[in-house]
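Student: Only the shape, not the letters, is given here:
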Ligand SMILES: Nc1ncnc2c1ncn2[C@@H]1O[C@H](COP(=O)(O)OP(=O)(O)O)[C@@H](O)[C@H]1O
Ligand SMILES: [Mg+2]
């Protein structure tokens, strides 16, 4: 387990970037934290660390976004999910989720991941973001 403090958006992005750079393929990031805690900000950092040039946006309404990762022999795609509005397993199935999580050359990020925790493998990276004040966050990685 690792406890980090972020004092601003830029620091959260940098933590994400480091996580992205350390990916080997097959990582599943399960992100928890209240609205506005910085889950999307951290996700943007992870994408940056994976050398994705495109500016990633919150998949709140469409639930799942997929990004191609350039020039990487091990990692092909970043799958960014926002489980907040997810209604049921059928919807998850319809998004191809159960196939996507099996791929060892995908990286999966799930915001509000605790909502679908029972469908996630034991081997995952759980990140909890806690608001300390308006800009300060505690980021717990386990
Ligand atoms: N330390 C910090 N880390 C991340 N975001 C921060 C921080 N301090 C302030 N913010 C602000 O909080 C908001 C986080 O939004 P976002 O990443 O979309 O959160 P979430 O996806 O958890 O709803 C942004 O407006 C950002 O500027
Ligand atoms: Mg978000």
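Tutor: Arrived safely. Just so it is clear, the model here is predicted, and its values are computed rather than measured. Numbering: from 1, shown residues only. Ligands and ions are numbered 1, 2, ... in the order given.
Student: Skipping its backbone neighbours, what lies nearest residue 135 in space?
Tutor: residue 8 (5.3 Å; C-beta to C-beta, 6 or more residues apart in numbering). Backbone N, C-alpha and C define where each C-beta goes, glycine included.
Student: bridging residues for residue 77?
Tutor: Taking DSSP bridges as the rule, residue 77 bridges to residue 68, residue 106.
Student: any idea how far residue 50 is from whichever residue of the chain sits closest to ligand 1?
Tutor: Per C-beta to the nearest ligand atom, residue 38 is where the chain lies closest to ligand 1, at 2.9 Å. Per C-beta to C-beta, to the nearest Å, residue 38 is found 18 Å from residue 50.
Student: Please apply the same query to residue 113.
Tutor: Counting by C-beta to C-beta, the gap from residue 113 to residue 50 is 18 Å.
Student: Please say which of those two ends up with more neighbours.
Tutor: More crowded of residue 113 and residue 50, by other C-beta atoms under 10 Å: residue 113, with 25 against 22.
Student: now the helices for the chain?
Tutor: Assigned by DSSP state H, the helices in the chain fall at 9-21, 39-49, 89-94, 97-100.
Student: Same list (these) but as a markdown table, adding mean neighbour count, mean pLDDT and distance to ligand 2.
Tutor: Formatted as a markdown table, those follow (neighbours: other C-beta atoms under 10 Å; pLDDT from 0 to 100; distance: least, C-beta to the ion, whole Å):
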| stretch | mean neighbour count | mean pLDDT | distance to ligand 2 |
| --- | --- | --- | --- |
| helix 9-21 | 19 | 98 | 12 |
| helix 39-49 | 24 | 98 | 3 |
| helix 89-94 | 13 | 92 | 18 |
| helix 97-100 | 15 | 96 | 18 |
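Student: mind giving me JSON lines with these and columns for distance to residue 67?
Tutor: JSON lines is the format used below for the helices of the chain (distance: least, C-beta to C-beta, whole Å):
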{"stretch": "helix 9-21", "distance to residue 67": "11"}
{"stretch": "helix 39-49", "distance to residue 67": "7"}
{"stretch": "helix 89-94", "distance to residue 67": "19"}
{"stretch": "helix 97-100", "distance to residue 67": "13"}
